[in-house]
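Asks: Next one to model:
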Amino acid sequence: MSQVIAPVLVSGATGNVGREVVRLLRELGVPFVAAGTDPAQLAKSLGAGTPTATLDFRNPATYARAVHGMRGLFLLRPPPVANVRDTLNVLVDRAIEAGVEHVAFLSVEGADRQSWVPHHAVETHLAQRGISATILRPGFFAQNLADAYLADIRDDDRLYVPAGRGRVAFVDVSDVGEVAARSFLDERLRRQAFTLTGPEAVTFDEVAARLSAQLQRAIRYRSASIPGYALHLRGRGMPWMQIVVQTVLHVGLRFGNAAQVDPTLARLLGRRPRSIEQYIHDNERLWSRGTSSATSKSGS
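Replies: Below is the predicted model of the structure:
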């Protein structure tokens, strides 16, 4: 173990993974600063007294001030940000100039092999700059059930994705956040890339069956067509670029792109990772008919 790198700037601090990183850094006693476009809202969401900084990925003028005085950076790509070369990679450059010593980057499974994935360019840039980095490549999040799939489950009693019969080793963001937070303390986690999956691979039919059993109402899986899914997402108000990425990722599930169960996460945690069944059991209220989207997301 090494001395604490502190403070750590946490981007996306109120998102699913960022919130878990904040929680674990607090538990570990690592000083941090939560970064986002609205510091007042950050403090309201994460608790009064939470140190905050303004960071807007679409405004490079905010980068230098946000990373000033930091020694660590938890970095993620907000879904609307497609051009990482002029945003995340520039932030990495500003962080290095400011003396940041370690970056934990939330990538995606397969980013090392798929150059079209935006995260690939960030991974490449981190390697080229030579900064200490922990690359986290999680598979599909269990929390998609309370985010991307929330309205379909809660309002329409269905899972609707173009995944066919593909299996998915869903991973819980709390486990991913724990590895990210520990990387700021443990040098053994640095300068490495980890593929992180849950402990079992399940089909969407099986997920629907587990939801049905927990919620005590029938949830059905409908395998969407590619055009049908794209139009469905557009109807939900999603931008076209994000629709393309999300559709391609889900179609890849048909071919086993997220089916492999990797033992790395269990080894890093020293325990069995949380399963999709545990997640559904612990978050039953998220899919209750009277629950609003805002309330559901705050509990994820």
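Asks: Please enumerate residues in contact with the longest strand anywhere in the chain?
Replies: Secondary structure of the chain per DSSP state E: the longest strand is strand 132-138. For strand 132-138, contacts defined as Cβ atoms under 8 Å, 6 or more residues apart in numbering pick out 101-112, 123, 126-127, 171, 173, 176, 179-180, 183, 189-197. All C-beta spots, glycine's among them, are computed from the backbone N, C-alpha and C.
Asks: F105 in helix, strand or coil?
Replies: strand (DSSP: H, G, I helix; E, B strand; the rest coil).
Asks: mind checking how far it is from A151?
Replies: 30 Å (Cβ to Cβ, to the nearest Å).
Asks: between the two, which one's more packed in?
Replies: F105 (25 against 14; other Cβ atoms under 10 Å).
Asks: For the stretch 151-300 of the chain, just list every one of the strands.
Replies: With DSSP state E, counting those that start in this stretch, the ranges of strands along the stretch 151-300 of the chain come out as 158-161, 167-168, 192-196, 202-203, 220-223.
Asks: which one of the ones you listed lies closest to S288?
Replies: S288 lies closest, by Cβ to Cβ, to one member of the strands of the stretch 151-300 of the chain: strand 158-161, at 15.9 Å.
Asks: what packs against that closest one?
Replies: helix 150-156, helix 204-215, strand 220-223, helix 226-235 (3 or more Cβ pairs under 8 Å, 6 or more residues apart in numbering; DSSP states H and E).
Asks: contacts for that strand?
Replies: 149, 152-153, 204, 207-208, 211, 219-224, 229, 232, 250, 253.
Asks: Mind giving me the PyMOL command for buried ones among the residues you listed?
Replies: In PyMOL, this line selects whichever of these come out buried by 16 or more other Cβ atoms under 10 Å:
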select buried, resi 149+152+153+204+207+208+211+219+221+223+224+229+232+250+253
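Asks: just so I have it, where are all the helices in this protein?
Replies: For the chain, the helices defined by DSSP state H cover 16-28, 39-46, 63-67, 88-98, 118-129, 150-156, 173-182, 204-215, 226-235, 240-253, 264-269, 276-282, 293-298.
Asks: Tell me the buried residues in the second one?
Replies: If I follow you right, that is helix 39-46. Neighbour-count burial for helix 39-46 [16+ other Cβ under 10 Å]: P39, L42, A43, S45, L46.
Asks: Could you do stretch 62-69 as well?
Replies: For stretch 62-69, burial by neighbour count (16+ other Cβ under 10 Å) applies to T62, Y63, A66, V67.
Asks: mean confidence for stretch 219-236?
Replies: Per-residue pLDDT values over stretch 219-236 give a mean of 95.
Asks: picking up where we left off before, can you add distance to L88 and give the strands of the stretch 151-300 of the chain back as CSV?
Replies: Listed next are these as CSV, based on distance: least, Cβ to Cβ, whole Å:
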stretch, distance to L88
strand 158-161, 27
strand 167-168, 26
strand 192-196, 16
strand 202-203, 32
strand 220-223, 33
